[in-house]
Each structure stands twice: as C-alpha cells, then as structure tokens.
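*Asks:* Can you look at this prediction? I've put the sequence above it.
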Amino acid sequence: MARDMTEPPAAGSQPPEAAGATLPPAAAETAEPPPEPARHRKLLYVTLPGCWGALIGGCLSFTPSLLPRSGTIQGVVWGITAAIGYGLGVLAAWIWRAFADREPRPARRRSWLIFFVSAAVLTVVMFGLGQYWQYLIRQLMGVTEYNIVLVVLSPVFAALVFCLILLIGRGLRGLYRWVAHLLHRWIGQRAANAVGWLLVAGLTYVVLTGLLFQGFINVMNSAYSLRDTKTAEGVHQPTTSLRSGGPGSVIPWDTLGWQGRNFIGKGPSANDIEKATGQPAMEPIRIYSGLASASDAEARANLAVRDLERAGGLHRKYLLVVTTTGSGWVDPALSDSFEYLTDGDSAIVAIQYSYLPSWISYLVDQSKAREAGRALFDAVYGPWSQLPQDQRPRLLVAGESLGSFGGETAFSGEQSMANLTSGALWAGPPNFNTLFREFTDHRDAGSPEVQPIYHDGRIVRFADDATTDIPPDGKSWPASRVLYMMHPSDPIVWWSPNLIFTEPDWIGEAPGQDVLEGMFWIPLVTFWQVTADLPFATGVPAGHGHKYTSEYVDGFSAIMQPAGVTSQELTNLRKIIAADG
C-alpha cells in the first residue's frame, strides 16, 4: 500500500540505483529484500507430520467394528481414515509451530527413515490383526464368503482413495490461496486470508449440500419415482376384494407404487396358512395407499381407512397398523409372520410417504415419516374406537427401522402405547428414535444398554434374541406389551454423533452375542468405524446386523400371545419365514 502512495519518477529520469547513487543509511536499513522466488511443490507431496497422522489413522482403521468387511470396503475405509489422520497431523504441526513461533522446516533424512521403518512394521502388524479380527467377526455371524484377492488388493484401494482425497484438499487450498491473493489487491493480507477461508468454506458447503447433495437427491428421486410406476416380475393385481387394488377397492392398483404392489400382490393365502399351521384359516386383508393414491399423508391415511372398512378389516380379530420404511416397503417377514400367527383372521394397513429408500429418507424425509406414522394411526384409531369394545379387533402397531421412527410419533410414551393399542413391535430402531432413546437412557440401574430393562419391564421390553425369555424374568407383563427387537451388531441401532467424543455403555459393557469382545472405543475412530458399517447393515446373514426375518415370529408371538400355538409350530414358522426371506 505504501508503494501506491509514492509519486512515480518523472518521465525520462532514472531511479537512484540506476544512476549509481547510494541510498542513505536510513533508507538502506528500511529497504525490503527482494521476495524469494515461489517454491512450486508437487501436487502429491506429503509432509512428515501428516504422514505420521495418516499412519496412525490407517492402523486404527483395522480395529474391530460391528460388521465384517470385504477387502474392497476395508481398503476404502483405510484410505479415508488415513486421509483424516493426515489432515489431523498437518493441523497438529501447524498449531505446534504457532506456539513455537517458527516457520516449517524440511524433515531430516533420518526422521523419514524412522517413519518408513515404523510404517512398515505397524502396517504389517495391524493388517494381520485386522484380518484376525475380521475372521472372528465372520465366525460370530456365520459368514463364509472371503475373497483373498480383494484383501490383498486392499492397500491399492486405500492408496487410491487417500490420493483422491488429498488432491481434493490440495485443490481447495489452492483455490483459497488464489482468492486470498486476489483480495489482497484491495484489503490487507490478514483480512484477505480470513475472507478467503470464509468464501472457500462457504462455496464448498454450497457445492456439497446444494449442488452435489441436492442434485444426488433429485437424481435418486427421479429414478425411484420412475420405478414406482412399474411392477415387479411375478406380482399381479389381486382378484380378491380383500386387498387394495382388487375388485371393489377405492384405491386403484396403478397408484400403489412399486413397494405397495409388492405388499398387496404377495403374502400367504388361506391355503398357505392352513398348510403351515394345520388349522383352518381365513384370507388375510391387506390395505395400502401409495403416494399417487392421494395428495398428502392425511388424505392417504383416510383413503386407506375407507378401503379397510370396505374390506371388513375392522371386523377381523387382529388389526395391524404398519409404518413403512422410506420407499413404502413393508418387510414381508413382518407381515407374513403376523398373518400366519393369526390364522389369517387379520388386517394390515400401511401407507407410503416417500419414493426414496430409508437411508436417504432419513436425510431428507424425517418429517414425512413422522407425519405418516401419526396420520395413519389417528385415522385408524378414530373408527376403531367407535366400535363396541367387545366387537373391536385387537389393535397393534409395528415398524422396522425408519418405520419404527415414524410409528413412535403417534405416542407420547409407554402408557400411551399401552392405553391406545394391544401391543407394539419395533424392529431395528434407529438410535435417534425419541421414545427408544428415552427408554434406554432411563433404563433401570444395572441393566445393560444392549438389552435394557425399563420400569421393571411392566410395559416396554427389549430383546436381542426373541426366541429366549425376554428379561426381566419372573416379572408380570400385562396384555398391552411393547417390544423392541435389536441385534447387538446392528449399526442402525447404535450409530450416534455422540460416538465422536463419548464412550457408549454398549461398548464398555459385556458385548452382545454377535459382537466381538475385543471391540473398544476410540474417540472419533469408533464413530467413523460404525458410520462405515451403516451402508452394509443388511449385507449379513439373517439374525445379525440390520437383517430381521424369523425374529418376527417370536416377536409377534410375545406381544400377541396367540392361544394354542406350540413351540414346534413356532419353529416351523421360523423356517418358513427364513426360507421366504
């Protein structure tokens, strides 16, 4: 700025240096040395502190988590964790230099030698331990698939992912420097640096959340809405009036959507139920309202109830209200188990609230899940409550995953569920479920988080294995029962942002039956490990992770207490549901 305030030399005149003049002593002391030429680094250069961070992060990526991983997934997790560690290492070095008040210095050759030797030893040791831990997890879950080639290639996958993230980071830093240099023409250097960071951070946020994320959501929405107009192979419009889309239904078949047509067009018939149970059976009633059936959740719920009344669903022995997952999916294991146990003397009603699968709906459609769960239950409860008490069906509610999240919103607590229903069954509840968190956070002293006891189990109970006795043993459990089924290895149940800085009770306590005893909590790392498990929560054998199948047989049996059902019949039903799944 000082240069701009001095007058330029007169035309034709020479600066004093050119004329051989000598600067006065005072001027010589204050003259700035010529700037050093800019050093151009290679795009993929690395620093020693960053490499130490990457090494530590990469080694920690092998620590055991909830689910088994293929070599490809482990390589991706390894690369991302190493990139996070590299960034933390660079940040730590920058903070240390700020306190030491010095500029960065190139690392000595000896320091690099120590790093490379340490990296070789630690990587081999942790890689071997990681494979051992993965072997133990596969043994716990009965996973037999193991591709040694992908395991050997996992370092290659890790290197590619690490380099990609590093390039993106360098690109953002280069953009920041360019913006700061541009701003320095008009404002001071410190202000230019601060404003440059804010602009680049804001631009990155807008691109990620606005352009990329919203663009991704739009693409997925278009793809799934297009699929919603189609029908799966082998699914046909019903010829019975007991199902939506069939003869006399007020809901057209072509408005049910992909998942709605799957739910309506499949399921056990009266003959199937009779063969399985050896008892006379009725044709079950299934009612469903899709996104195209009505304009909003309340209208879809009211339309579904109209179709339920038309089909005679309020005159069956059992009535089940199901809150679907994001795309409108009703787990066949859930609906089929219920119908087998009721000998078909039942009706199920559900509505769709999104085109998107649960993991995307969680990000963008949480309010829709709440609205759908509340609207459907309220719409059903109205006409049901007007019936004489001795003529009402037993009213139950159920939901899996995001369906349990939406289904819970119709109730204020355990007494609300007990007073308004004859029972509730929630499977794989996400950790952010309001009531689920209330019950587990305020569980009775001494009960573990993987199978908590709430208020002596008077209404609400939890089962990691519903085939066994559900604690607390010896305590009475009234007719209106609420049961949460959750696998100890289900990352949907245990994932929470609190994992970043807080050790959860479920890790410090004795592990569940399918969780490795050697799993331990590390700040930030455990959060990332469980996060990496989320996309693969259903890619494990039934009975583990987020895959619930035959558990519904015992879950519904526990809350419904159907008369005359023997343990052998439950065993046979489990086999039928497992085979269908």
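*Replies:* Yep, that arrived.
*Asks:* residues near residue 98, how many?
*Replies:* Using other CB atoms under 10 Å, residue 98 has 9 neighbouring residues. C-beta: built from backbone N, CA, C; applies to glycine.
*Asks:* I should have written residue 189 there, sorry.
*Replies:* 11.
*Asks:* which one is it nearest to, not counting chain neighbours?
*Replies:* residue 180 (7.9 Å; CB to CB, 6 or more residues apart in numbering).
*Asks:* Run through the neighbouring helices and strands of the longest helix belonging to the chain.
*Replies:* Across the chain, the longest stretch assigned as helix under DSSP state H is helix 148-183. When contacts are defined as 3 or more CB pairs under 8 Å, 6 or more residues apart in numbering; DSSP states H and E, helix 148-183 sits against helix 71-100, helix 189-205.
*Asks:* pLDDT of stretch 512-529, averaged?
*Replies:* Averaged over stretch 512-529, pLDDT sits at 91.
*Asks:* about what we covered before: buried sites along the longest helix of the chain?
*Replies:* 150-151, 154-155, 157-158, 161-162, 165-166, 176, 179-180, 183 (16 or more other CB atoms under 10 Å).
*Asks:* I'd like those residues laid out as CSV, including distance to residue 219.
*Replies:* Shown next, in CSV, are the buried residues of helix 148-183 (distance: CB to CB, whole Å):
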residue, distance to residue 219
150, 28
151, 33
154, 30
155, 32
157, 25
158, 28
161, 23
162, 27
165, 23
166, 27
176, 30
179, 30
180, 35
183, 35
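*Asks:* hmm, back to that, can you say which of the helices and strands packed on helix 148-183 is packed in most?
*Replies:* Stretch with highest mean neighbour count among the helices and strands packed on helix 148-183: helix 71-100 (a mean of 19; mean count of other CB atoms under 10 Å).
*Asks:* For the residue nearest to residue 189, give me its contacts.
*Replies:* Applying CB atoms under 8 Å, 6 or more residues apart in numbering to residue 180 gives the contacts 189, 192, 193, 195, 196, 197.
*Asks:* hmm, try it at 10 Å
*Replies:* Contact analysis of residue 180 by CB atoms under 10 Å, 6 or more residues apart in numbering lists 187, 189, 190, 191, 192, 193, 194, 195, 196, 197, 199, 200.
*Asks:* now do residue 289
*Replies:* Residue 289 neighbours (CB under 10 Å, 6+ apart): 244, 250-251, 255-257, 260, 297, 299-308, 328, 349-352, 376, 379.
*Asks:* In PyMOL, how would I select the buried members of the residues you listed?
*Replies:* Entered in PyMOL, the line below selects the buried ones among the contacts of residue 289, by 16+ other CB under 10 Å:
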select buried, resi 244+251+255+256+257+260+297+300+301+302+303+304+305+306+307+308+328+349+350+351+352+376+379
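*Asks:* Surely residue 383 and residue 310 touch.
*Replies:* No - with contact defined as CB atoms under 10 Å, residue 383 does not reach residue 310; the gap is 11.9 Å.
*Asks:* Between those two, which is the more surrounded one?
*Replies:* The neighbour count for residue 383 versus residue 310, taken as other CB under 10 Å, is higher for residue 310 (16 against 13).
*Asks:* need the contact list for that one.
*Replies:* By CB under 10 Å, 6+ apart, residue 310 lies in contact with 241, 242, 244, 248, 249, 250, 251, 287.
*Asks:* What confidence value was assigned to it?
*Replies:* 98.
*Asks:* any idea how far it lies from residue 386?
*Replies:* Distance, residue 310 to residue 386, by CB to CB, to the nearest Å: 16 Å.
*Asks:* quick one: residue 577 from residue 490, how far?
*Replies:* 18 Å.
*Asks:* Show me what counts as buried in stretch 566-581.
*Replies:* Quick answer for stretch 566-581 (16+ other CB under 10 Å): 569, 570, 572, 573, 574, 576, 577.
*Asks:* Any idea how far it is from the middle of the chain?
*Replies:* For stretch 566-581, the separation from the chain centroid amounts to 30 Å (computed by CA atoms, centre = their mean, to the nearest Å).
*Asks:* That stretch - what's its average pLDDT?
*Replies:* Here the average pLDDT along stretch 566-581 is 91.
*Asks:* can you check stretch 244-262 too?
*Replies:* 97.
*Asks:* With stretch 134-149 instead?
*Replies:* 93.
*Asks:* Next: stretch 475-486.
*Replies:* Mean predicted lDDT for stretch 475-486 stands at 93.
*Asks:* circling back: in helices, which of the contacts of residue 289 fall?
*Replies:* 257, 260, 297, 299-308, 376, 379.
*Asks:* Any idea how many residues pack against residue 465?
*Replies:* With other CB under 10 Å as criterion, residue 465 counts 17.
*Asks:* Counting by contacts, list what the helix or strand residue 125 falls within packs against.
*Replies:* In this assignment (DSSP states H and E), residue 125 forms part of helix 109-141. Packed against helix 109-141 by the contact rule (3 or more CB pairs under 10 Å, 6 or more residues apart in numbering; DSSP states H and E) you find helix 48-60, helix 71-100, helix 148-183.
*Asks:* in that helix, what counts as buried?
*Replies:* Neighbour count says helix 109-141 has 119, 123, 126, 127, 130, 131, 133, 134, 137, 138, 140, 141 buried, by 16+ other CB under 10 Å.
*Asks:* Perfect, that will be all.
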